[in-house]
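Student: From the sequence below, what's the structure:
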Amino acid sequence: MRNTLFINFKNIMFSLALLLILQSQSAAQNVETKSPVSQKTMQQMVEEYKKWTRVRDDWPGLNRYREANSKLEKPRKNEQRIVFIGNSIIDNWINLSPEFFEGKSYVNRGISGQTTPQILARFRADVIALEPKIVVILAGTNDIAGNTGPSTLEMIEDNYASMTELAKANGIRVILCSVLPVYDYPWRRGLEPAEKIASLNKWIKSYCAKHDVGYLDFYSSLVDKRKGMKYEYTFDGVHPNREGYKVMEALAEKAIAKSAKKLD
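Tutor: Numbers count the residues shown, from 1 in each chain. Okay, here's the model as predicted:
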């Protein structure tokens, strides 16, 4: 108990120290420029601080769906529940094309910005505990973008394999999606991700063939000559628009139907 209180006290003191540093830096800038600190600048600092504390306190994002998971009833007899887990491409899907999920036993568990280690960390809570028959996993692009630090392709592959093994151990069939094509990340220019994505997709396809896992190839239908995403299917070169999701939905339904035939 005393150790827990000490750790919490250290976190509080560290957070307060960080906020004081930010304020002192702002005040120093104020003295140098002889102008008042704008409300917008202070607001940005507060928002950055809030974002930092959210990541510090819940790195895997377990709180995002905690309440929704607790309210989700167990699958009915003969229900073929399917969980979609991944990053913003899964997260945005239900907003840009909600009709794809309506009236079906489809459960969306995407979190924007996440990388494969974060998704792996919440895999039990957001997939296994929901008792689906099938899980659709779409991730990896944020790892290549370095959202949670440097990541090799081997590290991403290991996380894919770990999620697949966890699912199989709990009687859940797996569909691994290709990473969508990207020529350049708007938030991290110059990383040249196109070839890395192509290499990762080659590994995913091979892994699926060797381990009786469904492979959902979005890449081939969305890629352009530069190995980026076709203009008509995206609004920023990374995320699909509504038209892009429509292409993905037709492919997803085929992959799900194929995997469903293999259910016991």
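Student: How confident was the prediction at residue 125?
Tutor: We have a pLDDT of 98 for residue 125.
Student: now for whichever strand or helix holds it, which elements pack on it?
Tutor: Residue 125 belongs to helix 123-126 when elements are defined using DSSP states H and E. Secondary-structure packing of helix 123-126 (3 or more CB pairs under 8 Å, 6 or more residues apart in numbering; DSSP states H and E): helix 66-71, strand 82-86, helix 153-169. (Glycine included, C-beta is placed from N, CA and C.)
Student: can you pull the contacts of residue 216?
Tutor: 136, 138, 175-178, 251-252, 255 (CB atoms under 8 Å, 6 or more residues apart in numbering).
Student: could the helices and strands packed on helix 123-126 be laid out in JSON lines, adding mean pLDDT, distance to residue 129 and mean neighbour count?
Tutor: Formatted as JSON lines, those follow (pLDDT from 0 to 100; distance: least, CB to CB, whole Å; neighbours: other CB atoms under 10 Å):
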{"stretch": "helix 66-71", "mean pLDDT": "97", "distance to residue 129": "7", "mean neighbour count": "11"}
{"stretch": "strand 82-86", "mean pLDDT": "98", "distance to residue 129": "10", "mean neighbour count": "25"}
{"stretch": "helix 153-169", "mean pLDDT": "98", "distance to residue 129": "12", "mean neighbour count": "17"}
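Student: I'd like the ones you listed written out as TSV, with distance to residue 94 added.
Tutor: Converted to TSV, the helices and strands packed on helix 123-126 look like this (distance: least, CB to CB, whole Å):
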stretch	distance to residue 94
helix 66-71	12
strand 82-86	9
helix 153-169	21
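Student: between these, which gets nearest to residue 236?
Tutor: strand 82-86 (17.2 Å; CB to CB).
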